[in-house]
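Visitor: the sequence and its predicted three-dimensional model are supplied below.
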Amino acid sequence: MLTVSEKLEALATLGVELNRVADLDILMERILSEARHFVNADAGSIYIRDRDRLNFSYTQNATLQKRLPLGEKLIFSTFTVPINEDSISGHAAYTARATNIADVYHLDESVPYSFGRGFDQASGYRTQSMLTLPLVTNRGDVIGVLQIINAQNENCDIVPFAEEDEKMMRHFASTATVALERARMTRAMILRTIRMAEMRDPKETGAHANRVGSYAVEIYEHWARKQGMGDKDIDAKRDVFRMAAMLHDVGKVAISDTILKKPGRFTPEEYEVMKQHSMFGARLFLDRQSEFDDAAQNVALNHHERWDGKGYPGHIDVATGEPLAERADENGCPLGKAGEEIPVFGRIVAIADVFDALCSRRVYKPAWEESEALSVMEEGRGSQFDPDLIDVFFSILDLIRSIRDRYPDLPDPEK
């Protein structure tokens, strides 16, 4: 457990640490980890406001995590709650006031809210002490709620949250809110860029981009741990990789509408034009000034390469689009990158993008059944896809499914 002086020191450096994280989802994970460590709490959740409701966006639970095999992640279902006084989290957002409850099963009769026991009953968990804090901006707007559950003493007994911890967590919540606002603006800019592409290509939606980004990060993290990479290196790369993966098809903005919006399959000539989106996307990041620029160029350029070397665009000069002389065939066409010539970020997004495309509705096809899509992914092992990464993909299918549920497509307007 942290001492008072250690907590004060941690508060002083918290803003710097959190502002190093750019991606919204990864920031929520970091905020919750830091908050739980700060007050030695077993579990917690973050809710993000969407108009008059709170989206249950991220959760952690050390007790339930221990029940899983080593390396597996806790899978959670998303839901929303109204911002009103009926629930504890809704009350915190509605009133912009924190609540510190010693035992949620024994609430004072005077409070307007109640505790829903459904999660505890389904999981076998016992929620007891709960500290719920609104995330309030300098303008007074509530953008979400931070909820910390089951404080523990030095003997790991569940105890109420101390008044001193509540005061410090108010400061923590203020710092976290600043970081969340910044990350939300970054996410909004990425989604606006994707919406710009969506205006040109109806297939390129925010839901698709969020799913591909989330799949890619999970595949990367599990692969990296198998490679023996440390948490610090993994966390740093996850942050930029998720955003880069979301922008994998941004180069489609340079492709003609007659091709992008064609309600059917491409002719060979149209397909050759369409393939140029990888190069155009990579060109957007030629003036590389950060790790994100490096990752985004890497993904845009390489996510259609194939493990067997039959992908595109192959070995080209991104600035000119011309083949590299030493890596061209007898006709002067660029040779495709093969195997580990393809950067790992590109190999991962290739898997994430193809799977999501197969499972999603397109103008020329309905969404495939998952079993059909998985058969195609398995058939591509060692030809289209890196076999080791395909193994990782299949090992985390439950996580992949939970991500699909988190970012659903809009209903088919024709149904």
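Guide: Yep, it's here. Residues are numbered from 1 along each chain as shown.
Visitor: and the strands in the chain, which stretches?
Guide: For the chain, the strands defined by DSSP state E occupy 41-50, 53-61, 80-82, 99-101, 130-136, 142-152, 158-159.
Visitor: got those strands as CSV, with mean pLDDT, mean neighbour count and distance to F285 columns?
Guide: Placement of C-beta: from N, CA and C, glycine included. Shown next, in CSV, are the strands of the chain (pLDDT from 0 to 100; neighbours: other C-beta atoms under 10 Å; distance: least, C-beta to C-beta, whole Å):
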stretch, mean pLDDT, mean neighbour count, distance to F285
strand 41-50, 97, 22, 29
strand 53-61, 96, 20, 29
strand 80-82, 97, 15, 36
strand 99-101, 98, 20, 46
strand 130-136, 98, 24, 32
strand 142-152, 98, 24, 30
strand 158-159, 98, 16, 49
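Visitor: the ones you listed: which one's closest to R182?
Guide: R182 lies closest to strand 142-152 among the strands of the chain, at 11.5 Å (C-beta to C-beta).
Visitor: quick check: neighbours of that closest one in the sheet, parallel or antiparallel?
Guide: If you go by DSSP bridges, strand 142-152 pairs up with strand 41-50 (antiparallel), strand 130-136 (antiparallel), strand 158-159 (antiparallel).
Visitor: average pLDDT for stretch 180-199?
Guide: Here stretch 180-199 scores 87 as its mean pLDDT.
Visitor: same list (the strands of the chain) but as TSV, adding distance to S5.
Guide: Below are those laid out as TSV (distance: least, C-beta to C-beta, whole Å):
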stretch	distance to S5
strand 41-50	20
strand 53-61	26
strand 80-82	37
strand 99-101	23
strand 130-136	21
strand 142-152	19
strand 158-159	21
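Visitor: out of the ones you listed, nearest to Q297?
Guide: Checked against C-beta to C-beta, the stretch from those lying closest is strand 53-61, at 29.0 Å.
Visitor: quick check: most distant residue from the centroid of this structure.
Guide: E330 (43.1 Å; C-alpha atoms, centre = their mean).
Visitor: dump the strands paired with strand 142-152 to a markdown table, plus distance to L32.
Guide: Output for the strands paired with strand 142-152, formatted as a markdown table (distance: least, C-beta to C-beta, whole Å):
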| stretch | distance to L32 |
| --- | --- |
| strand 41-50 | 5 |
| strand 130-136 | 12 |
| strand 158-159 | 18 |
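Visitor: now stretch 121-137 - C-alpha only, CSV.
Guide: This file holds the C-alpha atoms of stretch 121-137, laid out as CSV (Å, rounded to 0.1, in the frame of the first residue of the first chain):
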residue,chain,number,x,y,z
GLN,A,121,-24.9,-12.8,-9.0
ALA,A,122,-23.7,-13.7,-12.5
SER,A,123,-19.9,-13.6,-11.7
GLY,A,124,-19.9,-14.8,-8.0
TYR,A,125,-18.2,-11.6,-7.1
ARG,A,126,-19.1,-9.6,-3.9
THR,A,127,-19.1,-5.8,-4.3
GLN,A,128,-18.8,-4.0,-1.0
SER,A,129,-17.1,-0.6,-0.7
MET,A,130,-17.5,1.8,-3.6
LEU,A,131,-16.1,5.2,-4.4
THR,A,132,-17.7,6.9,-7.4
LEU,A,133,-16.3,10.1,-8.8
PRO,A,134,-17.7,12.3,-11.6
LEU,A,135,-15.1,13.4,-14.2
VAL,A,136,-15.8,17.1,-14.4
THR,A,137,-14.0,19.5,-16.7
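Visitor: and that stretch, how far from the chain's centre?
Guide: In terms of C-alpha atoms, centre = their mean, to the nearest Å, the centre of stretch 121-137 is set 22 Å apart from its chain centre.
Visitor: run the chain-centre distance for the longest helix along the chain.
Guide: The longest helix of the chain (DSSP state H) is helix 163-200. When C-alpha coordinates are averaged (C-alpha atoms, centre = their mean), helix 163-200 and its chain have centres 13 Å apart.
Visitor: give me the buried positions along that helix.
Guide: Across helix 163-200, burial judged by 16 or more other C-beta atoms under 10 Å covers 165-166, 168-169, 172-177, 179-183, 186-187, 190-191, 193-194, 197-198, 200.
Visitor: dump the residue contacts of A216.
Guide: If you count contacts by C-beta atoms under 8 Å, 6 or more residues apart in numbering, A216 has them with F241, R242, A245, F345, I348, V349, A352.
Visitor: any idea how far it is from A350?
Guide: The gap separating A216 from A350 is 10 Å, by C-beta to C-beta, to the nearest Å.
Visitor: so which of the strands of the chain is nearest S395?
Guide: Across the strands of the chain, closest to S395 is strand 53-61 (C-beta to C-beta), at 21.3 Å.
Visitor: other residues contacting that closest one?
Guide: 25, 28-29, 32-33, 36, 42-49, 74, 76, 78-83, 89-90, 93, 125, 144-145, 149.
Visitor: how about low-confidence regions in this structure?
Guide: For the chain, applying pLDDT under 70 flags the ranges 200-204, 363-364, 410-415.
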